[in-house]
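Peer 1: got a sequence here, can you build the structure:
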Amino acid sequence: MFQANIDLDTAIPVEATAIPDVLFERGLYWASGRSGVVNLVAAHKWFNLAALKGRADAISMRQEVAAMMSDAEIATAQREARAWMTAH
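Peer 2: Numbers count the residues shown, from 1 in each chain. Reported below is the predicted structural model:
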C-alpha cells in the first residue's frame, strides 16, 4: 500500500509552478490546431507565458503568431496572459 506525507503548509499548486515546457506545449496545441481549431489568441497567450518563464524559443513562436493577428487580438492575448499570471 502506498503511503506518503504531504506538508500542506508548504505545498504549492501545480499551476503556480507550471514549467515553461508545458506552457510552450499549450501554445503549440492552439497554434497547430490539434484541437481541430486554430486559436491564435490562445497560442500567443501561452507562448507569452512560456517566454516569461524562460523558454527562449517561445519568443520567436509568439512573434510568428503575432504576425497573423490583429492589434486587438494581440491585446486580448496579453490581457489573458496577465490575468493568468495574476490568478496563478
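Peer 1: what does whichever strand or helix holds A31 contact?
Peer 2: Assessed by DSSP states H and E, A31 sits inside helix 20-32. Contact with helix 20-32 is made by 34-35, 38-40, 42-47, 49-50, 53-55, 57-58, 61-62, 65, as judged by Cβ atoms under 8 Å, 6 or more residues apart in numbering. In this view, the C-beta of every residue, glycine as well, is placed from N, C-alpha and C.
Peer 1: so what's the backbone phi/psi at G36?
Peer 2: Dihedral angles of G36 (phi, psi; degrees, to the nearest 10) stand at phi 100, psi -10.
Peer 1: tally of neighbours for it?
Peer 2: 5 (other Cβ atoms under 10 Å).
Peer 1: pull the distance from the helix holding A31 to the chain's centre.
Peer 2: 7 Å (Cα atoms, centre = their mean, to the nearest Å).
Peer 1: next helix or strand past that helix?
Peer 2: Using DSSP H and E, the helix or strand that follows helix 20-32 towards the C-terminus is helix 40-52.
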